[in-house]
Structure formats: C-alpha cells, structure tokens
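In: Give the three-dimensional model of this entry:
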Amino acid sequence: MKYIYFDQNFWIFLINGLNSDNAHIVNLIDDLKKKIKNNELKIVISFVNAQETLKDSNENRRNRLWNFMIDLSEGNVIFPFSKEIIDCEVKNLFYKRVYETYPEVKEIDVKSIIFGKGIPAIIGREVKIKSQKEISEEQEKEIIEKITPDYSKRVQDSVNNIYSQTQKFEDVRRKERANMERDLGNRVVMVNYLTSMILPLICDFQSKMKFSRDFILKKGSSKKDILKLFQELPSAYTYFILNDMRNRELQKDIEDNDLYDIVSLAMAIPYCDIVVGEKRFISIAKNQKLDKLFDTKLILSSHLDEFKKAISS
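Out: Below is the predicted model of the structure:
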C-alpha cells in the first residue's frame, strides 16, 4: 500500500484538467481510482488541504473541489504536525534502544496513528464519548455531530492564527540571523530548536522512565551523533529543515502559504510514499536529501510522467 499526498496546487491542477476533459488527466484519475479500489494506494488529504479549499469565496468552485478531494481520497486523511506526534517519535528513540534487552517493548507504529478517516482524524483527534451512563450508538452519534463542528472551529482558528503571526515570524528570523556569520548563525538556530523544542521532551520521558542521563546522548557526543539522533524524529526533523532552509532566504519575505506548506509537508514527506508539490519545498527537501532519508518519492507537480511512473512501479 502506497500513501500519496498532494499539495493544494496539484489538487487544483487535477480538477481543472478534469473539468476541461483533458484526456491525460481523465485517464490518470481513472488509473488512480482503479489502484485505490485494488488497495494499491491511498491518497490522503490534510487539514491544510481542507483549510485552503474553504478559503475559496466562490461556493460552486469550492464545493466542486472539496467533493472531488473527498471522492478521490475516500475520506482518508493525514494528521497535522503536532507535539503529540513528536512525543511518539521521542518515545521511539528509547524503545529502539531497549528492544534487545526487553523484546516485549515495541516501537510505536506512528503511521497507524497519523493516517485516519474523516473530519476528526483530519484535525488530529478521534472523537469519543466518555460517560458513566450507558448511551446508545444513536445518542453518541448525535452528540459527536454536535460537538465536532465546534471543536473543528477551534482547531481551524488556531491554524488561522498562522496568518496573524506571519510578521512576528519574519521579525524573529531576521533578528536571530542578523549580525552573525552565516554558518555560525545556522548552527545557533539548530541548537536553539533542539534545546527549546526537542530536548525537554527527551529529558521528560527519560526522567519518567528512569533512564540514565547518557542513555540517548553520551557526554562528548559529536555533531554527527546529534544530527543522526535528530533524524530519528522524522516529522520534527523535516519541519526544522523546511523551515530553516526557507528562513535562510532573507531576501524573500515569509508568505502565509509558506507556513501552511511546511506544516503539511512535515508530516507528508517522512510518512507518505509519494509526495507531489510545488518547486520551492520539493527542491529544498531533495537538496537536503529528505527523499533518501525517508525513502519517499518527491515529485514536482509539473512532472506528470514521473508521477505516473511512481504510482505504477
């Protein structure tokens, strides 16, 4: 089974081709549907796809695109990038290292967590009702239908906050890289990310499980050792690389869509088998060898023949 992720522009490219009866696109979509029916692949959509679709003020165009996305994906989704996923990746750092001593300790299958179906999964949550009283399936369904839109709105509002924070990100990245030699500045940024975002999670879990202080990183570990460890946290590492390389382009302002792309690709690149996207971030990911690291085919949305070959191999 191959998991495939399309960025928003490729979804729009496909539906435009379908609407104009482009034979190449029509045949491609027919081929995708056959492979989906045969359980050869799944196309997943993200919260970012949904968010971008809902932004379209043209109701007919918006509904056509959304219905097309739901039809082709069959409602299969990928969770958004979040601290909860990084937590799972951090735990796997430890579980990998104790397996030989304690074979009963299994790594967390992150893919089984991040791929789901329907609206609750697209916002990274499974909605369940906990009650001390017995309630029927019909009652539970009715309650979930009432609370899910409200919860979805809260998540959507938090993602929308990215837009209002864009200028703040712009100010921060210029300050942290200004007046500093380039290579030193880049190293400082990585150290800051690790110490503020990753190491607290590692230390917290290490303390809870009573592991020795040097269980993960021994004193005097080299830069190479630290980088290798960081790469064992797939979504956290991918997020950092995409964000860091984008932030080095000081001649270009941060755009709202940049942040959306980074958040969605941080999950899609390490956990999907094929990712189709625009040149900017696909090129960054390839240049940084993320495709080799995670064995993911990264394809430009303009390279249709390459995509056809990837889904057939």
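In: Tell me how many other residues crowd S57.
Out: 7 (other Cβ atoms under 10 Å). All C-beta atoms are positioned from the backbone trio N, CA, C, and that covers glycine.
In: Against W11, how distant is it?
Out: The gap separating S57 from W11 is 17 Å, by Cβ to Cβ, to the nearest Å.
In: what residues does stretch 287-297 touch?
Out: Stretch 287-297 is contacted by residues 231, 234, 238, 241, 245, 269-275, 285, 298, 310 when judged by Cβ atoms under 8 Å, 6 or more residues apart in numbering.
In: again, only using 6 Å
Out: 241, 269-270, 274, 298, 310 (Cβ atoms under 6 Å, 6 or more residues apart in numbering).
In: any idea which of these is closest to L194?
Out: I241 (12.9 Å; Cβ to Cβ).
In: Could you say which helix or strand holds the closest one?
Out: helix 234-247 (DSSP states H and E).
In: what does that helix contact?
Out: Contacts for helix 234-247 (Cβ under 6 Å, 6+ apart): 81, 85-86, 173, 193, 230-231, 258, 262, 266-267, 269-270, 281, 284, 288.
In: Check stretch 39-48 too.
Out: 2-5, 35, 69, 72-73, 76-78, 80, 122-123, 260, 264.
In: Could you pick out the buried ones from those?
Out: Neighbour-count burial (16 or more other Cβ atoms under 10 Å) is assigned, among the contacts of stretch 39-48, to 3-5, 35, 69, 72-73, 76-78, 80, 122-123, 260, 264.
In: Could you tell me how many residues sit around M209?
Out: Neighbours of M209 (other Cβ under 10 Å): 11.
In: sorry, that was for I241
Out: I241, neighbours per other Cβ under 10 Å, totals 25.
In: and it, how far is that from C88?
Out: 19 Å.
In: What of A310?
Out: In terms of Cβ to Cβ, A310 sits 27 Å off from C88.
In: Then R248?
Out: 29 Å.
In: now do F294
Out: 16 Å.
In: What of W11?
Out: 28 Å.
In: more crowded one of these two?
Out: W11 (23 against 18).
In: what's the nearest residue to that one if we skip its chain neighbours?
Out: Spatial nearest neighbour of W11, excluding adjacent residues (Cβ to Cβ, 6 or more residues apart in numbering): M69 at 5.9 Å.
In: The helix or strand harbouring the one you found packs against which elements?
Out: Using DSSP H and E, M69 falls within helix 59-73. Applying 3 or more Cβ pairs under 6 Å, 6 or more residues apart in numbering; DSSP states H and E, one finds that helix 59-73 contacts helix 8-19.
In: Tell me the gap between the following helix or strand past the helix it packs on and the middle of its chain.
Out: Heading C-terminal from helix 8-19, the first helix or strand you meet, by DSSP H and E, is helix 23-37. Centroid separation between helix 23-37 and its chain, computed with Cα atoms, centre = their mean, to the nearest Å, is 25 Å.
In: now do stretch 235-243
Out: The answer for stretch 235-243 is 10 Å, by Cα atoms, centre = their mean.
In: 590 is where my numbering starts, stick with that
Out: Shifting the count to begin at 590 puts that one at stretch 824-832.
In: how about the strand or helix carrying D793: buried residues?
Out: Element membership for D793 (DSSP H and E) is helix 788-797. Buried residues in helix 788-797, counting neighbours by 16+ other Cβ under 10 Å, are found at 788, 790-791, 794-795.
In: Could you provide these in JSON lines, with additional columns for distance to V687 and pLDDT?
Out: Converted to JSON lines, the buried residues of helix 788-797 look like this (distance: Cβ to Cβ, whole Å; pLDDT from 0 to 100):
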{"residue": "L788", "distance to V687": "20", "pLDDT": "74"}
{"residue": "L790", "distance to V687": "17", "pLDDT": "75"}
{"residue": "I791", "distance to V687": "15", "pLDDT": "75"}
{"residue": "F794", "distance to V687": "12", "pLDDT": "74"}
{"residue": "Q795", "distance to V687": "12", "pLDDT": "75"}
